[in-house]
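A.B. asks: Let's see this in three dimensions:
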Amino acid sequence: MQIPFNKPFLTGKETKYIEEAVASGMISGNGTFTKKCQAFFESTFGFRKTLLTTSCTDALEMAAILSEVGPDDEVIVPSYTFVSSANPFILRGATVVFADSKSSEPNVSVDSIRACITDRTKVIVVVHYAGVAVDMDALNEAVADKKILIIEDAAQAIDSTYKGKPLGSLGHLAAFSFHETKNIISGEGGLLVINDERFVNRAEIIWEKGTDRAAFWRGEVDKYGWVDIGSSFLPSEVTAAFLYAQLENIEEIQSRRKVLWERYHQGLKELEEKGRIKLPYLPEYASNNGHMFYIVVHDLDTRTALISHLKSEGIYAVFHYLSLHKSTFIQNIYPDYHPDLPQADRYTDCLIRLPLYYELDRESQEHVIHSVESFFKD
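C.D. replies: Down below sits the predicted model:
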């Protein structure tokens, strides 16, 4: 039995919609399927304005441009995250300051963020790790008297909530991912969410390579030209068509993933009770979107041995992020910057992600659970 870490799920209509997009004669982007996808997000989750992008990274790069950060500004980012949470702001010349995770979960600690805030802080990027919400009320309280933009990196957080409110709707801007490892996929793909009215018009211009082309197609201007900086951030209609087939089945996909997540949780609970592992922590203010199932072990040696054991059982489990503050790149550009972020380092060494995908059957999942249990047998 071979169990991959991830297997992209197809609903059955992806190729049908791609054929429709091709037959329409417009496959370059911002066509019928792009508009359908954006309308879905705006009506389903109440986002003010959405723009499909070629990736979550591109959505974050657009957010960095909109935030107008530069060399005099600081941007606070969790250390335990993917490079795309930080890189767009470094590209704009800002200084990135890293915050630590919580001891109870990999999400960023608001106390750590608060300690990082200075007069130069212009943006705070919060990452909703595993689709679990950061404590947004605590964050808003920390910045209440400051003009700081909040950007939600909601790459993993589709269909998750904070106190009943959709993640992605709580910051000034937000970014989602539709990479093949996410719940809803298009191979590569992303979404920029604009919740602040100030950014709506400019976001669309940046999205369209710095032109007012979208306004032209709506008949709002008689010609379009170059009016701002921007890039080719919008995806093709082929990508949007694939994504729309997924969105039509979001409830079914989410329901299945939550069942799988719960089966892992129930199956591995005894190991946590014995103190051998830590299971994902879900705060009372957060919902669970079944994006991933991870466990946290005691040390790096245990994790390395467990991954090797699972591989011998035909199971592909993986570790996840490496602390960004210790990366070669950050050490090279900030040679005197050595923050003490012990929780980020702990998750770097001790967190393991188990296989979780729509078509993971009961037999395979039970094999994963039993293989983890067998590793920890006394």
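A.B. asks: rest of the way, CA atoms for contacts and neighbours
C.D. replies: Fine.
A.B. asks: Have a look at the protein and report its longest helix.
C.D. replies: helix 250-273 (DSSP state H).
A.B. asks: Can you point out the buried residues in the helix or strand that it is followed by?
C.D. replies: Downstream of helix 250-273, the next assigned helix or strand under DSSP states H and E is strand 293-296. Buried residues in strand 293-296, counted by 16 or more other CA atoms under 10 Å: Phe293, Tyr294, Ile295, Val296.
A.B. asks: In this protein, what helix or strand scores lowest on average pLDDT?
C.D. replies: helix 213-217 (a mean of 74; mean pLDDT, DSSP states H and E).
A.B. asks: Go through that one and flag the buried ones.
C.D. replies: Arg213, Ala214, Ala215.
A.B. asks: Against which helices or strands is that helix packed?
C.D. replies: Identification of packing neighbours for helix 213-217 by 3 or more CA pairs under 8 Å, 6 or more residues apart in numbering; DSSP states H and E yields helix 200-207.
A.B. asks: if I pick the spatially closest residue to Ile229 that is not a sequence neighbour, what's in contact with it?
C.D. replies: Nearest non-adjacent residue to Ile229, counting by CA to CA, 6 or more residues apart in numbering: Gly210, 4.7 Å away. Gly210 makes contacts with Trp226, Val227, Asp228, Ile229, Gly230, Ser231, as judged by CA atoms under 8 Å, 6 or more residues apart in numbering.
A.B. asks: Give the burial count for the third one, as a bare number.
C.D. replies: I take that to be Asp228. The number of residues packed near Asp228 is 14, by other CA atoms under 10 Å.
A.B. asks: Quickly note the distance from it to Ile3.
C.D. replies: To Ile3, Asp228 is 48 Å away according to CA to CA, to the nearest Å.
A.B. asks: quick one: Ser43 from Ala240, how far?
C.D. replies: 17 Å.
A.B. asks: more crowded one of the two?
C.D. replies: Taking neighbours as other CA under 10 Å, Ser43 and Ala240 compare with Ala240 leading, 32 against 10.
A.B. asks: could you list every residue that touches that one?
C.D. replies: Taking CA under 8 Å, 6+ apart as the test, what Ala240 contacts is Gly29, Phe33, Thr34, Cys37, Leu52, Ser186.
A.B. asks: change it to 10 Å
C.D. replies: 14, 17-18, 21, 27, 29-38, 52-54, 186, 189, 234, 246 (CA atoms under 10 Å, 6 or more residues apart in numbering).
A.B. asks: same question, Gly164
C.D. replies: For Gly164, counting by CA under 10 Å, 6+ apart, the contacting residues are Tyr285, Ala286, Ser287.
A.B. asks: now Tyr244
C.D. replies: Contacts of Tyr244 by CA under 10 Å, 6+ apart are 13-14, 17-18, 33-38, 40, 184-186, 250.
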